[in-house]
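Chemist: Compute the structure for the input listed below.
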Amino acid sequence: MRKILSLCLALTLLAGFMLPVSAEKPVEIIFWHSMGGVNGEAIVKMVEDFNKENEGKIKVNVEYQGTYDDAINKVKAAGMSAMPADVMQIYDIGSRFMIDSGWALPVQEMIDAENYDISQVEPNIAAYYTIDGKLYSMPFNSSTPLLYYNKTAFKEAGLDPDTPPTNFDEIIEMAEKLTIKDADGKTVRWGFGMGNYGWFFEQWIGKMGLHYVDNDNGRSEEPATKVVFDENGGAAEIFKIWKKLFDEGIITYLGRGNTDAKAAFISGDIVITLESTAALKSLLTNVGDDFEIGTGFFPNIHPDDKGGVSIGGGSLWMLQTGDDARQKASWEFIKYMISPDVQAFWNAQTGYFPITVATHELDAFKENLEKFPQFGTAIRQLHSTAPEYAGSLLSVFPESRALVETYTERLINGEVTVDEAVQKLAAEVNSAIEIYNLTN
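Modeler: Numbering: from 1, shown residues only. Next up, the predicted model:
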């Protein structure tokens, strides 16, 4: 028995020495994102599928970093000496900082090296992230603002449920018919309501065909040095609308951002509101069968405005890690994330645009569009906007948005006039720009 056991042990050891050398470990990269809830779940599923397809070659470690602000502050804290990720999802208004930092590897370098066909990316979306002919990051979760309305309430008020308002003259006219008051004259349903959101201010500047900042809207080789919305009259026109809406009792204040406005729309307390295309899926889910949701283009300030909307959301940035293998793996991952099938899944799960043109030809996308035709409004609005209205790039956009909201509140509260709001807003944003340019 001992001889047999010894022979078995010897054969086992010999077999061990004869086993082929194990394959090299896969290249591992880190992907930082800022998507919570169902959007975050979709991200995790997409990464899992990529890892399965690339098993043994590339492994993506996906890490949620909190809000966009949280994520960009973490990469700022890490600095160039220790890039904390290989691919990072960054919001649109972080683009100018990423370019100026020198920490990003422009995806244009990978595109040129591979002769990658960039024409498959929606041109109006790619335009936002393109500066001097160079695409710095790959569009990913792109959105624009839309007008949402309660079609059921439109019918009840005798309005055409298939004809949403296109400008504020029409919004005000329709809101008067849609507003409901009780016997004591108290408003129980508002015809229109919107959040105090700095992003909308930027969109209205673009809808008027105007620039937000100088130096080709911050898109020239030289970054923006000042705002121009005070000089071209854009800010004044927007503040006048806010003042009119409150002076005439057309709307009630629904706070900063869109949380309160979204909740009021879902509950039926307001009939018309403004929100991102990315909110469509959650609105449809939360409203359910309570009423039918309609969608329209983001409204003009004036009936004859000829501008367009710009992209919001985020894009995928490659960071300068200095590791060639990881950068190549990162590029493969980015290409996967914008592939038609993956973008169809992303669109269906979240409501963000499919940024790849070929996605529109897939059955999965067509079926989702047939089920939720409201998505079609976002696509039509995107295609009706010229690339020249891609929007501005500004290093201090987070600060600027906060200041826009502050002065909107001060105007509503009667603390400043329209002219004072414009002047003070411009002065404070210009101060922030000056400090940033001096220190960067």
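
Chemist: which residues touch the longest helix seen in the chain?
Modeler: Taking DSSP state H as the criterion, the chain has its longest helix at helix 418-439. With C-beta atoms under 8 Å, 6 or more residues apart in numbering as the test, helix 418-439 has contacts from 213, 223-227, 229-230, 235-236, 239-240, 243, 394-396, 399-400, 403-404, 407-408, 410-411, 416. Just so you know, the C-beta spots here come from the backbone N, C-alpha and C atoms, and that holds for glycine as well.

Chemist: Which of these fall within strands?
Modeler: Per DSSP state E, strands hold no members of the contacts of helix 418-439.

Chemist: Just the buried ones from those?
Modeler: 213, 223-224, 227, 229-230, 235, 239, 243, 394-396, 399-400, 403-404, 407-408, 410-411, 416 (16 or more other C-beta atoms under 10 Å).

Chemist: What about the residues you listed, which are in helices?
Modeler: In this view, those that belong to helices under DSSP H are 235, 239, 243, 399-400, 403-404, 407-408, 410-411.

Chemist: So residue 189 sits against residue 265, correct?
Modeler: No. Here residue 189 lies out of contact with residue 265, judged by C-beta atoms under 8 Å, at a distance of 11.1 Å.

Chemist: Which one's more surrounded, these two?
Modeler: residue 265 (28 against 18; other C-beta atoms under 10 Å).

Chemist: What helix or strand is that one located in?
Modeler: Using DSSP states H and E, residue 265 maps to helix 259-266.

Chemist: Show the average pLDDT along that helix.
Modeler: Across helix 259-266, pLDDT averages out at 97.

Chemist: Mind giving me the packing neighbours of that helix?
Modeler: In terms of contacts (3 or more C-beta pairs under 8 Å, 6 or more residues apart in numbering; DSSP states H and E), helix 259-266 is packed against strand 270-276, helix 280-287.

Chemist: And the last one, what does it pack against?
Modeler: Helix 280-287 is packed against strand 145-150, helix 259-266, strand 293-297, with contacts defined by 3+ C-beta pairs under 8 Å, 6+ apart.

Chemist: Now do the buried residues in it.
Modeler: In terms of neighbour count (16+ other C-beta under 10 Å), helix 280-287 has its buried residues at 280-284, 287.

Chemist: TSV for the residues you listed, including pLDDT?
Modeler: TSV is the format used below for the buried residues of helix 280-287 (pLDDT from 0 to 100):
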residue	pLDDT
280	90
281	87
282	89
283	94
284	93
287	97
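
Chemist: out of the ones in helices among the buried ones among the contacts of helix 418-439, what pair is the most spread apart?
Modeler: The most widely separated members of these, counting by C-beta to C-beta, are 243 and 399 (23.8 Å).

Chemist: Next, the angle from the longest helix of the chain to helix 397-412.
Modeler: 160 degrees (axes from the mean of the first three to the mean of the last three C-alpha atoms, to 10 degrees).

Chemist: quick one: the strands in this protein?
Modeler: Using DSSP E, strands in the chain cover 27-33, 58-64, 87-91, 104-105, 130-131, 134-135, 138-143, 145-150, 180-181, 187-192, 270-276, 293-297, 312-319.

Chemist: sorry, back to before: how about the helices and strands packed on helix 259-266 in TSV, adding distance to residue 181?
Modeler: Compiled in TSV, those are given as follows (distance: least, C-beta to C-beta, whole Å):
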stretch	distance to residue 181
strand 270-276	14
helix 280-287	23
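
Chemist: looking at those, which is closest to residue 297?
Modeler: Smallest distance to residue 297 across those (C-beta to C-beta): 10.8 Å, for strand 270-276.

Chemist: Tabulate the CA atom coordinates of the closest one in PDB.
Modeler: The C-alpha atoms that make up strand 270-276 are tabulated as PDB, following Å, rounded to 0.1, in the frame of the first residue of the first chain:
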ATOM      1  CA  ILE A 270     -48.200  71.400 -11.700                       C
ATOM      2  CA  VAL A 271     -49.200  70.600 -15.300                       C
ATOM      3  CA  ILE A 272     -46.200  71.900 -17.200                       C
ATOM      4  CA  THR A 273     -42.500  71.700 -16.100                       C
ATOM      5  CA  LEU A 274     -38.900  71.600 -17.300                       C
ATOM      6  CA  GLU A 275     -36.600  68.700 -16.700                       C
ATOM      7  CA  SER A 276     -33.700  66.700 -18.200                       C
END
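
Chemist: if we can go back for a sec, can I get the buried residues of helix 280-287 in a markdown table including distance to residue 350?
Modeler: What follows is the buried residues of helix 280-287, written out as a markdown table (distance: C-beta to C-beta, whole Å):
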| residue | distance to residue 350 |
| --- | --- |
| 280 | 9 |
| 281 | 6 |
| 282 | 9 |
| 283 | 12 |
| 284 | 12 |
| 287 | 17 |
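
Chemist: which one among those gets closest to residue 157?
Modeler: Closest to residue 157, out of all of these and judged by C-beta to C-beta, is residue 287, at 18.0 Å.

Chemist: follow-up on the earlier one: with respect to residue 109, which of the helices and strands packed on helix 280-287 lies nearest?
Modeler: strand 145-150 (32.3 Å).

Chemist: Pull up the pairing partners for that closest one, direction included.
Modeler: Counting by DSSP bridges, the strands paired with strand 145-150 are strand 270-276 (antiparallel), strand 293-297 (antiparallel).

Chemist: any residues touching the shortest one, and which ones?
Modeler: If I follow you right, that is strand 293-297. 146-151, 154, 161-162, 164-166, 280, 283-284, 287, 309, 374, 377-378, 380-381, 384.

Chemist: Just the C-alphas of it, formatted as PDB.
Modeler: The C-alpha trace of strand 293-297 is given here as PDB (Å, rounded to 0.1, in the frame of the first residue of the first chain):
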ATOM      1  CA  ILE A 293     -47.100  62.400 -20.000                       C
ATOM      2  CA  GLY A 294     -46.300  64.500 -23.000                       C
ATOM      3  CA  THR A 295     -43.000  66.000 -24.000                       C
ATOM      4  CA  GLY A 296     -42.000  69.100 -26.000                       C
ATOM      5  CA  PHE A 297     -38.800  71.000 -27.000                       C
END
